[in-house]
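Generate coordinates for the sequence data below:
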Amino acid sequence: MATFVLIHGGGSTSWDWHLVSPLLKDAGHDAVAVDLPIEDPSATLDDYVRSVVIAVGARTEVIVVGHSLGGFTAPLACAALDAVGLVFLTAMIPAPGESFMQWWANTGHDQESVDDDPAVSFYNGVPDSLVAEAQRRERDQQGAWMSDPWPAERYPDVPTCAVVCRDDQFFPAQFMRRQISDRLSITPVEIPGGHYAPLTHPGAIATALTAFADRIASAE
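Residues are numbered from 1 along each chain as shown. Okay, here's the model as predicted:
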């Protein structure tokens, strides 16, 4: 049994995972969705990781999953938890020494055509009722850390999976494939859904995650 640690994106909450978590548990795994202290302007990535570690407690066989901005926290949490696996779900993949502010140009995302309307870029395909609830739960993403270099010297030396959402309008599939190839040198898993696939295709995400856990278990 794996413990999936689910890390939300910028301005968001653990609620993003409320459709995915039960499916992981139905498959025989544990799932811990974490709320990061994103509204605290003084909170650092170390504080984010500390929140993850506290939420996980004594659980073992941890696989850390970072969605969107959660990609900056997930590898650090992976190392802190002695995790057995790492997943980037349509996520930012920071390079050592690279800040959040630098990532956009360094990866070429600033050359992508992204609609300014969040209904198009973030919520495409999400039912209206879930969009309304997600927006009601939005939090103000703060953090001076966004201008600081990402502190890890390398990516964790654990099995790593990257998931591309084919209908993502914010991190387009072709952009994600390039980022994953350049930074991780792995072939991504591709699933349907937009940037908020946890709200539209939780089954596809759960299937990808459980398959990854099975692959790790079979290699042990």
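
Give the rounded mean pLDDT of stretch 104-118.
Mean pLDDT, computed over stretch 104-118, is 95.

What are the buried residues along it?
Residues of stretch 104-118 classed as buried: Asn106, Thr107, His109, Pro118 (neighbour count, 16 or more other Cβ atoms under 10 Å). The way it works is simple: take the backbone N, C-alpha and C, and place the C-beta from them, glycine included.

Might one say that the second one is in contact with Ile180?
No - with contacts counted by Cβ atoms under 8 Å, Thr107 stays clear of Ile180, the gap being 10.5 Å.

Next SSE downstream of the worst-scoring helix or strand of the chain on mean pLDDT?
The element with the least model confidence among the helices and strands of the chain, by mean pLDDT, DSSP states H and E, is helix 118-121, at a mean of 93. On the C-terminal side of helix 118-121, the nearest following helix or strand under DSSP states H and E is helix 128-136.

what residues does that next one touch?
Outside of helix 128-136, the residues that reach it under the criterion Cβ atoms under 8 Å, 6 or more residues apart in numbering are Ser12, Trp15, Asp16, Ala119, Tyr123, Val126, Tyr196, Leu199.

can you pull the buried residues of it?
For helix 128-136, using 16+ other Cβ under 10 Å, the buried residues are Leu130, Val131, Ala134.

Just the CA atoms of it, as CSV, please.
As requested, the backbone C-alpha atoms of helix 128-136 are provided in CSV (Å, rounded to 0.1, in the frame of the first residue of the first chain):
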residue,chain,number,x,y,z
ASP,A,128,-20.1,25.1,-13.3
SER,A,129,-20.9,23.9,-9.8
LEU,A,130,-17.3,22.8,-9.2
VAL,A,131,-15.9,26.0,-10.7
ALA,A,132,-18.0,28.0,-8.3
GLU,A,133,-16.9,25.9,-5.3
ALA,A,134,-13.2,26.1,-6.4
GLN,A,135,-13.5,29.9,-6.7
ARG,A,136,-15.2,30.2,-3.4
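
So what's the gap between that helix and the chain middle?
Between the mean C-alpha point of helix 128-136 and the mean C-alpha point of its chain there is a distance of 20 Å (Cα atoms, centre = their mean, to the nearest Å).

same question, stretch 58-74
Its chain's average C-alpha position is 7 Å from that of stretch 58-74, according to Cα atoms, centre = their mean.

low-scoring pLDDT stretches of this structure, where are they?
By pLDDT under 70, the chain has no low-scoring segment.

The same query, at a cut-off of 90, please.
Low-confidence segments of the chain, defined by pLDDT under 90, span residues 219-220.

That one: helices as residue ranges?
Assigned by DSSP state H, the helices in the chain fall at 20-26, 45-56, 74-80, 100-106, 118-121, 128-136, 173-184, 197-200, 202-219.

Which strands or helices does the last one pack on?
Okay, so that is helix 202-219. Taking 3 or more Cβ pairs under 8 Å, 6 or more residues apart in numbering; DSSP states H and E as the contact definition, the neighbouring helices and strands of helix 202-219 are helix 20-26, strand 62-67, strand 85-89, strand 160-165, strand 189-191, helix 197-200.

May I see the ones you listed organised as TSV, with mean neighbour count and distance to Met176 added?
TSV is the format used below for those (neighbours: other Cβ atoms under 10 Å; distance: least, Cβ to Cβ, whole Å):
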stretch	mean neighbour count	distance to Met176
helix 20-26	18	19
strand 62-67	28	12
strand 85-89	27	9
strand 160-165	24	5
strand 189-191	17	9
helix 197-200	26	12
